[in-house]
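*Asks:* Build me a model:
(2 chains)
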2 protein chains.
Amino acid sequence: MKILRINMSEDAPEVKFEDLGQYEGLGGRALTSAIISKEVDPLCHPLSADNKLVIACGLLGGSAAAMSGRTSVGCKSPLTGGIKEANSGGQAGQVLGRLGIAAIVLEGKPKGDDTYKIYINKNGVKVEKDNSLKMLPNYDLIEKMKKEFGEKIACVSIGPAGEMKMSGASVALTDMELRPTRHAGRGGVGAVMGSKGVKVIVLDDTETTPRQPKNVEAFKEANKKFVAGLQKHPVTGQGLPAYGTNVLTNIINEVGAYPTYNFKEGRFAGARKISGEVEAELEKQRGGNPTHGCHRGCVIRCSGIYHDKDGHYLTKQPEYETVWALGGNCGVDDIDKIAMMDFLCDNYGVDTIEMGATIAVAMEAGLLKWGDADAAINLLHEVGKGTHLGRIIGNGAAFTGKAFGVERVPVVKGQALPAYDPRAVQGIGVTYATSPMGADHTAGYSIALNVLKTGGFVDPLKPEGQVELSRNLQIATAFVDSTGMCLFIAFALLDQPETNQALLDMLNAFYGWNMTDKDVVEYGKKVLKFERDFNLRAGFTKEHDRLPRFFYKEPLPPHNTVFQVKDEELDQLFNW
Amino acid sequence: MKILRINMSEDAPEVKFEDLGQYEGLGGRALTSAIISKEVDPLCHPLSADNKLVIACGLLGGSAAAMSGRTSVGCKSPLTGGIKEANSGGQAGQVLGRLGIAAIVLEGKPKGDDTYKIYINKNGVKVEKDNSLKMLPNYDLIEKMKKEFGEKIACVSIGPAGEMKMSGASVALTDMELRPTRHAGRGGVGAVMGSKGVKVIVLDDTETTPRQPKNVEAFKEANKKFVAGLQKHPVTGQGLPAYGTNVLTNIINEVGAYPTYNFKEGRFAGARKISGEVEAELEKQRGGNPTHGCHRGCVIRCSGIYHDKDGHYLTKQPEYETVWALGGNCGVDDIDKIAMMDFLCDNYGVDTIEMGATIAVAMEAGLLKWGDADAAINLLHEVGKGTHLGRIIGNGAAFTGKAFGVERVPVVKGQALPAYDPRAVQGIGVTYATSPMGADHTAGYSIALNVLKTGGFVDPLKPEGQVELSRNLQIATAFVDSTGMCLFIAFALLDQPETNQALLDMLNAFYGWNMTDKDVVEYGKKVLKFERDFNLRAGFTKEHDRLPRFFYKEPLPPHNTVFQVKDEELDQLFNW
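*Replies:* Just a heads-up that it's a prediction; the model follows:
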């Protein structure tokens, strides 16, 4: 496996393959975070030539391991000012692995404002100016790429938001149907890709083969056990395949942790109407598909295909966090309009979570009415067009709050809080506050134990035990994010020691390692250390590891609790 | 002297006079910074009920001391997120002192969006809802106050920008002609006043007398020596009275430190056309006045009155920093148009420095052409109207840079750099980087020694000695800003030990103190300590005490130097 460095500062961008060297043994998030932490000036402007955009497959990317298709995108974040790793499903990770590329590193910055496309196949790399791609929405862009390069490709691209360098801009990855539906959404990674002048990276693994494990038989055996474990567990074997992640709407609403009207209430009257159950039923009725994988090798199949009223493809099955952000958080209970917003976010290339949180802040500011889905749709069009209002919205919730003088802005380190209120699920509040990524539910998904009771139970309404819970999950997650594995395997890993062992066996067979659970912990800590160290040098302190003050002061109905984990406890999270 | 606290959270805002208590012996900046540092949660939202706005006169405010009319406005800054003291000329400081009020502290926040006016005279305080004032520009507002309260008042007010809670919003203070021309401009203090729902504070010192010194004769004697010293010194006795602060345009341009085209060059071809010499001549020709005091008791008289081509009042004589910001920095060399912009900034209530820096960033983004004064004027109208573009511009340079994806944004701690390029005057770069206020030339005005050679000379192009220089000036300034004295006395203080002693004698006679030069240093350090301590608890680190990276990388013509003071040296500034 090689690192592919492309320096965009040159008129004819320089392309260089390097051995992994000091990065040997790192993949996915471990690799992006190590490169950013070691090579990027923490005080550089995120849009400057000194920032880098790293696109990496996981340790098992390109192998035959099930679920190993995640792609990590890393940089200094324009949204948070700290380190960022956003990972995504889609095909790119597997294709990168098969091409022998552990990571693409985009460096430098073009002098002019030309737009580039990059084509990579087994024969090499072609970097070309193509100003005809300027400001194309992701779907149109991918259609163009299909015409030019055929259908056996995987694309990594930005929409207009990334080109306009908006802090809410995502990096889009195509799925199995070659649609730009999977996004490294958080932290404005798309803006950094835009600052490099790169519109799209087209990956073509024609005439490549899967990466071969050192120990083929042991690997096969472990993979089999691993898949069996996933299929056996109720979350990964039943809940997620049947309804997708949106199975959570009813669950989180029921426990009173569903942030509604910009985090004012914990239950939404319209929740049922936008639940996964309703969504899946609609998809079936209209010829969509609620049970579908986002990349080759997925056995959980929580993604899906959403059709409109006329039975035409509209978008992929919107995720729980998307449905929440653009739905309940804005008082919107119309699933078709939420799906339309999901499509628009994907097409313009913006993070659905950040956009939903932002629209709710705009509602708080009085720009549009609570629940007005059509006005929200219009706002997203403003983003895509890059109007002045769109420039505000596209830069996220903190930015929009500042533009309109709004005080209640739910962000940590400048990044919007996702779909679980920290007052009703205290553990996730610890993750939001302390993750080097800013408010990010995936960084230490305490919901698993606080609510779903996988791997144990920690009372979500009490502060006790939440720091330890979040710490353990953040460490484990940093490891899983490095393997290329979809994080949803964690449900089975937490509950079934044999599935956890199967993952280790797979890695060990693949690399000839002897990794144990203890090593996993060390690995995760190492990744977090890269990230914390970068943030420290970027000027972050414990004062940045806090929730906005209103979470400590405004009780959240129906439980009427506030966030109660003490600052001193939060400060112990990384003291291991 | 009392502290007047007004709690705006109550429907009938609570008014309370308190003894100085723990704040005894503090005035001006020392008082605002002590109150903010001790009473405000450093992690609160700047627009929340937990922030406070402190409006304080200096130690000698309301006395017969010459030059003692400065008013300090303090809060947690919406622009920087740190502590803020912005001080201003105008009448308020003297009137506050005569009313026996050391500081007005606006606390809390109204529940609704009613607009309040506050009237204070010797009989007490009246806080009244007055929604007819909503969105009035400062000049119209003051006309209304004159009709209501007569002409013997001094007003402290905000324009529409403050009401819209823009981070560039200023607090306006009326001058001797009862015009809103003096501004506590920096750091968005006007937005905090807006968040308190207070549009204007009308101060009426009818039937009050000057504050009496403990030792009347010694005070008189010292004041006489002090005034004589100011009149003797070439800067305060000749340069400033003749041309105002804009005498600096030719000087700074000549030394190649005049930031042009958003800090791309150190000399501006059009500088002479907008110089103080030209400005003063025009003022004389048109019936304005280049030599005029901004408050009673001013003997330097560097302010002035600017008339338009038809001989009608347009605005006060624009300051050097204003002329630079809206002039050379934007490539504009039309002094009438700059004066128009000065008026618009005063009228809408925004900081001229921040606005000029912001317009230049907008030019960098391609929104308008370099040198296009009419387009710049339109931008300011957008701010006043609060259009979406105006919301962007009104929030300052960092915000506008982010909105439009601009990398070259000259800010420290989110606040725009003023009119001296740190690559050509390294000492001012140290002040910009390290001042707790963000980039602020007044916080430690190294130009005095680096360029004007008052109080000595430190080579502006070399890094040596700049940290010590800035340190000493920051300490001395923190003291001067606490006395209520105009900072311009510092030229005479630096060069003439007897004038420096006269100031001390005046203070000692007034308060019955025995303050020496050593105590001055301790006083200044104490103020800086309040400020640094607040910022530390707000999450600031040494990484925030840095200039933007491009000052270290892009050499500035004509000297082709970069900023060379090492980080480790910057970090020693507060190690005294």
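*Asks:* so what's A:R98 scoring on pLDDT?
*Replies:* Listed pLDDT for A:R98 reads 98.
*Asks:* okay but it is in contact with A:T208, surely?
*Replies:* Yes. Using CB atoms under 8 Å, A:R98 is in contact with A:T208, at 4.1 Å. To be clear about C-beta, it is placed using only N, CA and C from the backbone, and glycine gets the same treatment.
*Asks:* Settle it for me: which of these two has more neighbours?
*Replies:* A:R98 (22 against 15; other CB atoms under 10 Å in any protein chain shown).
*Asks:* Next one: that one from A:T209, what distance?
*Replies:* Applying CB to CB, to the nearest Å, the value for A:R98 to A:T209 is 7 Å.
*Asks:* One more: A:A222?
*Replies:* Relative to A:T209, and taking CB to CB, A:A222 is found at 20 Å.
*Asks:* Among these two, which residue is more densely surrounded?
*Replies:* Using other CB under 10 Å as the criterion, A:A222 and A:T209 rank with A:A222 on top: 23 against 9.
*Asks:* now the more buried one: how far from A:A64?
*Replies:* Taking CB to CB, one finds A:A222 at 11 Å from A:A64.
*Asks:* Show residues contacting stretch A:451-469.
*Replies:* Here stretch A:451-469 makes contact (CB atoms under 8 Å, 6 or more residues apart in numbering or on different chains) with A:235, A:251-252, A:255, A:257, A:424-427, A:429-430, A:444, A:446, A:448-450, A:491, A:494-495, A:559, A:561, A:564-566, A:569-570, A:572-573.
*Asks:* Give me the next element, helix or strand, following the helix ranked longest in chain A.
*Replies:* Secondary structure assigned by DSSP state H gives helix A:517-537 as the longest helix of chain A. Downstream of helix A:517-537, the next assigned helix or strand under DSSP states H and E is helix A:550-553.
*Asks:* Go through that following helix and flag the buried ones.
*Replies:* A:F550, A:F551, A:Y552 (16 or more other CB atoms under 10 Å in any protein chain shown).
*Asks:* same deal with stretch A:283-291?
*Replies:* By 16+ other CB under 10 Å, the buried positions in stretch A:283-291 come out as A:E283, A:R286, A:G288, A:N289, A:P290, A:T291.
*Asks:* Around chain B, which positions in the stretch 351-500 of chain A sit nearby?
*Replies:* A:387-389, A:391-392, A:395, A:399, A:402-407, A:409 (CB under 8 Å from any CB of the partner chain).
*Asks:* Same list (these) but as a markdown table, adding pLDDT.
*Replies:* Below are those laid out as a markdown table (pLDDT from 0 to 100):
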| residue | pLDDT |
| --- | --- |
| A:T387 | 98 |
| A:H388 | 98 |
| A:L389 | 98 |
| A:R391 | 98 |
| A:I392 | 98 |
| A:N395 | 98 |
| A:F399 | 98 |
| A:K402 | 98 |
| A:A403 | 98 |
| A:F404 | 98 |
| A:G405 | 97 |
| A:V406 | 97 |
| A:E407 | 96 |
| A:V409 | 98 |
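*Asks:* Please identify which of the residues you listed is nearest to B:G93.
*Replies:* In terms of CB to CB, no member of those lies closer to B:G93 than A:G405, at 28.1 Å.
*Asks:* so who does the residue lying closest to that closest one once chain neighbours are set aside touch?
*Replies:* In this structure, A:G405 finds its nearest non-sequential neighbour in B:K165, 2.9 Å apart by CB to CB, 6 or more residues apart in numbering or on different chains. By CB under 8 Å, 6+ apart, the contact list for B:K165 reads A:F404, A:G405, B:L47, B:P78, B:A191, B:G194, B:S195.
*Asks:* Can you tell me what sits against the stretch of helix or strand the fifth one belongs to?
*Replies:* Secondary-structure element containing B:A191, defined by DSSP H and E: helix B:189-195. Residues outside helix B:189-195 that contact it (CB under 8 Å, 6+ apart): A:405, A:407, B:46-48, B:51, B:53, B:73-78, B:84, B:86, B:106, B:109, B:158-159, B:161-167, B:169-172, B:184, B:349-350.
*Asks:* and the helix or strand just after that helix, how far from the chain's centre?
*Replies:* Counting by DSSP H and E, the element after helix B:189-195 in chain order, helix or strand, is strand B:198-204. Relative to its chain's centre, strand B:198-204 lies at 19 Å (CA atoms, centre = their mean, to the nearest Å).
*Asks:* how far is the helix or strand that comes right after strand B:198-204 from where the chain is centred?
*Replies:* The helix or strand immediately downstream of strand B:198-204 is helix B:216-232, counting by DSSP H and E. How far helix B:216-232 lies from its chain's middle: 26 Å, per CA atoms, centre = their mean.
*Asks:* Give me the distance between the closest residue to chain B within the stretch 51-200 of chain A and A:S195.
*Replies:* At 2.9 Å from chain B, A:K165 is the closest residue in the stretch 51-200 of chain A, using CB to the nearest CB. Per CB to CB, A:K165 is found 6 Å from A:S195.
*Asks:* do the same with A:R296
*Replies:* Going from A:R296 to A:S195 by CB to CB gives 31 Å.
*Asks:* and what of A:V189?
*Replies:* A:V189 is 11 Å from A:S195, by CB to CB.
*Asks:* between these two, who's got more neighbours?
*Replies:* Summary of the neighbour comparison: A:V189 and A:S195, criterion other CB under 10 Å, with A:V189 having more neighbours (33 against 26).
*Asks:* Give me the pLDDT value at that one.
*Replies:* 98.
*Asks:* Just give the closest residue to A:D113, not the sequence neighbours.
*Replies:* Nearest in space to A:D113, with sequence neighbours left out and distances taken as CB to CB, 6+ apart, is A:G197 at 7.3 Å.
*Asks:* so what's the one you found up against?
*Replies:* For A:G197, the contact set (CB under 8 Å, 6+ apart) comprises A:M8, A:K109, A:P110, A:D113, A:D114, A:T115, A:Y116.
*Asks:* out of these, which are buried?
*Replies:* The neighbour count (16+ other CB under 10 Å) marks A:M8, A:K109, A:P110, A:T115, A:Y116 as buried among the contacts of A:G197.
*Asks:* That'll do, ta.
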